[in-house]
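K.L.:
With the sequence up front, the predicted model follows.
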Amino acid sequence: MSVHPSAIVAQGAVVPQSCTVGPYCTLGSDVVLGEGCNLVSHVVIDGRTRLGARNVIYPFTSIGVAPQDLKYQGEPTETEIGDDNTIRECVTISRGTAKGGGVTRVGSGNLLMAYVHIGHDSQVGSHCILANAATLAGHVVIEDYASVGAFSPIHQFCTVGQYAFIGGGTIVTQDVLPFSLTSSRRENKAFGINKVGLTRRGFSPERLNTLQKAFRLLLSSRINTSQAVEKIRELAGEDARIVADFIERSQRGIIK
């Protein structure tokens, strides 16, 4: 393996031969790296932290550090990160808490831009983009293929649905609908489906048409949310069911 002489790798840390550990990195004794990880420099990984393969981590990132939670008393909680993530400068990912499930998770194929914070017990899916300084408070769920704009804080226990796009500077205090384009002008609103993003992801015209019908029922009709959900369930396709299920299981309410 390539470990710079200035790096500190604690006894017990697992670092495969294919990994690169750059200058001034620090790895704790319970850290496990997957094959082909590249820690560029000044990376701190601590606690019970397991990374998958081929992650690239840029300078001044901290992963698996103790959560910013006054209730945390040093319990042996964990951080899990999947494969092929790009984690840019100054990202912080806190490990879980005993009362919050015990694990903070990040999936695979994500781009975490500079200064992103992922708070304790948060669950980030795969193929997500979190732009500069996006901030997840504890217990936040980000579903697959979601994008969170720069300088967007997300309140505790909120869920961002799959394929959603959140515009920069949006303060999120309720759940964000899957497939939606949600942004803040004077107040937070869902402006319809994330048509550009969904098209780029290969959604067919038929799927887009179904989602547009679902969102018109929810956002533009004069019926209430419960009635809209009933009518959305009458639409054909899995996407409509995903939207309806998301609304019904929401605990904090949805942004409309």
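P.N.:
That came in fine, so what should we check first?
K.L.:
For the stretch 151-256 of the chain, just list every one of the strands.
P.N.:
153-154, 159-160, 165-166, 180-184, 188-193 (DSSP state E, counting those that start in this stretch).
K.L.:
Just name the most buried of those.
P.N.:
strand 159-160 (a mean of 28; mean count of other Cβ atoms under 10 Å). (Glycine included, C-beta is placed from N, CA and C.)
K.L.:
Report the distance from it to the chain centre.
P.N.:
Strand 159-160 sits 9 Å away from the centroid of its parent chain (Cα atoms, centre = their mean, to the nearest Å).
K.L.:
and residue 14, what does it touch?
P.N.:
31-33 (Cβ atoms under 8 Å, 6 or more residues apart in numbering).
K.L.:
Counting by contacts, list what the helix or strand of the chain with the lowest mean pLDDT packs against.
P.N.:
Least confident helix or strand of the chain, by mean pLDDT, DSSP states H and E, is strand 188-193 with a mean of 82. Contact here means 3 or more Cβ pairs under 8 Å, 6 or more residues apart in numbering; DSSP states H and E; on that basis strand 188-193 packs against strand 180-184, helix 205-219.
K.L.:
Of these, which is nearest residue 99?
P.N.:
If you check each of those against residue 99 by Cβ to Cβ, strand 180-184 wins as the nearest, at 29.5 Å.
K.L.:
quick one: low-confidence parts of the stretch 51-200 of the chain?
P.N.:
For the stretch 51-200 of the chain, residues meeting the criterion pLDDT under 70 lie at 185-188.
K.L.:
ok, and for stretch 92-110, which residues are buried?
P.N.:
By 16 or more other Cβ atoms under 10 Å, the buried positions in stretch 92-110 come out as 92-97, 100-108, 110.
K.L.:
Can you give me the end-to-end span of it?
P.N.:
Start and end residues of stretch 92-110 are separated by 15 Å (Cα to Cα, to the nearest Å).
K.L.:
any idea how far it is from the chain center?
P.N.:
10 Å.
K.L.:
how deep is residue 9 tucked in, by neighbour count?
P.N.:
Using other Cβ atoms under 10 Å, residue 9 has 19 other residues around it.
K.L.:
Enumerate every residue touching the closest residue to it other than its chain neighbours.
P.N.:
Spatial nearest neighbour of residue 9, chain neighbours left out: residue 27 (4.7 Å); criterion: Cβ to Cβ, 6 or more residues apart in numbering. If you count contacts by Cβ under 8 Å, 6+ apart, residue 27 has them with 7-10, 13, 15, 21, 33, 45.
K.L.:
could you flag which of these are buried?
P.N.:
Buried subset of these (neighbour count, 16+ other Cβ under 10 Å): 7, 9, 13, 15, 21, 33, 45.
K.L.:
any chance of those in a markdown table, with pLDDT and distance to residue 238 too?
P.N.:
Below are the buried ones among the contacts of residue 27 laid out as a markdown table (pLDDT from 0 to 100; distance: Cβ to Cβ, whole Å):
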| residue | pLDDT | distance to residue 238 |
| --- | --- | --- |
| 7 | 98 | 47 |
| 9 | 98 | 46 |
| 13 | 98 | 43 |
| 15 | 97 | 42 |
| 21 | 98 | 43 |
| 33 | 98 | 37 |
| 45 | 98 | 38 |
